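A.B. asks: below: sequence and its predicted model.
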Amino acid sequence: MHPILLKIPLGAGVTLPFFGKLTSLPIYSYGVMLGLSIVVGWYLTLGLAKRDGLPEEEMANNYVFTAVMAILGSRVLYVLTNPDDFATAADWFAFRKGGLVAYGGFLGGFLGSYLYLKRKRLPLLPWGDVAVPSLATGLMITRIGCYLFGCDFGRTLSPSAPGFLKKLGTFPRWQDGTLDAGSGSPAWVQHTQAHLIPPDAAHSLPVHPTQLYESLVGLTLFGLVMFQRKHQRFRGQVFLLFTFAYGVLRYGLEIIRDDAERGNYGPSWPEHVMVPGGLVVLGLAYAVFMSRAVENKALRAATQALALVPGVALYVALKPATFAGEALVKLSTSQWVALLTGTAAAVAYGMFWNSAKAHPTRAMALDLSGFHELSGAVPEVAAEAEEPKKKQKKRAKSAESSEEVKPDAPARDEDRPATEAG
């Protein structure tokens, strides 16, 4: 666990904007993992886009614009969440001091994609379907970077926690001068400031390694969305499934997060009401809207009931004893975003599912007519009939054969040659 993988000597030093004078160029572990996630996402997203028939060049340009907007969005949300950490506007751009929020990246990337695709008259939801697998791999890779840095850590582990988990969740005190700010990993700093450990302690208390938990969440979501692609019924289904599933899992992870930088907002309510209440809302969103995709009625009823279990169980676990004091809490920034985006995705999923059942062909249509008009290209298939040509020919042949076996019927006026009509 170290925030810097290596340092490249720069001789007498170089002065750079926002960085000041540097005598060596540090290669940060999080930056390496972020760069790796962008490269992996590039090949994954563009490969899926090509497979789905989206224009390659425009998707490549869109990916770059979306990635830039995602980084900006993640920084903006961090600044809004921790305004006291930034004395001047120049501090907003001091990226080497850390400060990115995953959900800010998702929101910024979504806005970037929307703006670019709208300008090119390309549909948003098909792009979302091919982009979210790279978001899953991005979570899986970048959270390893978080773990190496030590940020985004969890609550203190109980004494009965497994030994391997305690080892994974123990973060060291860095050598002085490792970073400009602080002399230890974020968990070590927070624990010393709270007087949980002495200032000369070699490491933090064992905490939940929530960075690794979320890395596993990314791996799980990647498997989920790739499975959904094989059984896709409408455009946007993969995107909406990812948005809802990540919302639920991220909301749950935030319950055991303990880093102060994540921020808290909203009303202060009793913990046993506020925190389980969000899970109940997400459970109801699944039960009412997303469960429509489960066609077996018995299985659907079972999943609807199970969706409410986490919220109810957490309420029972957090409910204080009679006459005991109630702890008042606020939801974190990410919990609010997870709650709002997850619920909205579930509602949209249910609406699109109903439309897909009524119009299955149109639900999977890839409408590129606006893009072709803008670029001057001629689409190979009409926008209103984008079925494969083989199926169209098969229908035409079957129609001709059915007409051949029909008995001769009196010709209508409009069927007669012009010499016989009227």
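C.D. replies: Alright, I've got the coordinates.

A.B. asks: for the rest of this, base every contact and every neighbour count on C-alpha atoms.
C.D. replies: Noted.

A.B. asks: isn't Gly138 right next to Ser37, touching?
C.D. replies: Yes - using C-alpha atoms under 8 Å, Gly138 is in contact with Ser37, at 4.9 Å.

A.B. asks: give me the more crowded residue out of these two.
C.D. replies: Shown here are Gly138 and Ser37; by other C-alpha atoms under 10 Å, Gly138 has more neighbours (26 against 20).

A.B. asks: so which elements touch the helix or strand encompassing the more buried one?
C.D. replies: Here Gly138, judged by DSSP states H and E, is contained in helix 124-149. With contacts taken as 3 or more C-alpha pairs under 8 Å, 6 or more residues apart in numbering; DSSP states H and E, helix 124-149 sits against helix 29-51, helix 102-120, helix 210-230, helix 237-255.

A.B. asks: show me how this protein divides into domains.
C.D. replies: Annotated domains of the chain cover 1-155+208-232, 240-363 [automatic domain parsing].

A.B. asks: kindly reformat those domains as CSV containing mean pLDDT.
C.D. replies: CSV is the format used below for the domains of the chain (pLDDT from 0 to 100):
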stretch, mean pLDDT
domain 1-155+208-232, 88
domain 240-363, 93
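
A.B. asks: looking at those domains, which is nearest to Leu168?
C.D. replies: Across those, Leu168 has its closest neighbour in domain 1-155+208-232 (6.4 Å, C-alpha to C-alpha).

A.B. asks: report the distance from that closest one to the chain centre.
C.D. replies: 11 Å (C-alpha atoms, centre = their mean, to the nearest Å).

A.B. asks: ok, now stretch 358-373?
C.D. replies: Distance, stretch centre to chain centre, for stretch 358-373: 25 Å (C-alpha atoms, centre = their mean).

A.B. asks: just the CA trace of that stretch, in CSV.
C.D. replies: Only the C-alpha atoms of stretch 358-373 are listed here, as CSV (Å, rounded to 0.1, in the frame of the first residue of the first chain):
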residue,chain,number,x,y,z
ALA,A,358,-45.9,-4.4,-27.2
HIS,A,359,-43.4,-3.6,-29.9
PRO,A,360,-40.4,-6.0,-29.7
THR,A,361,-38.9,-5.1,-33.1
ARG,A,362,-39.1,-1.4,-32.6
ALA,A,363,-37.7,-1.7,-29.1
MET,A,364,-34.4,-3.1,-30.5
ALA,A,365,-34.3,-0.8,-33.5
LEU,A,366,-31.1,1.2,-34.0
ASP,A,367,-32.4,4.6,-35.4
LEU,A,368,-29.4,6.3,-37.1
SER,A,369,-31.6,8.3,-39.5
GLY,A,370,-30.7,11.7,-37.9
PHE,A,371,-27.0,10.9,-38.1
HIS,A,372,-27.2,9.8,-41.7
GLU,A,373,-29.0,13.0,-42.6
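
A.B. asks: lovely, talk soon.
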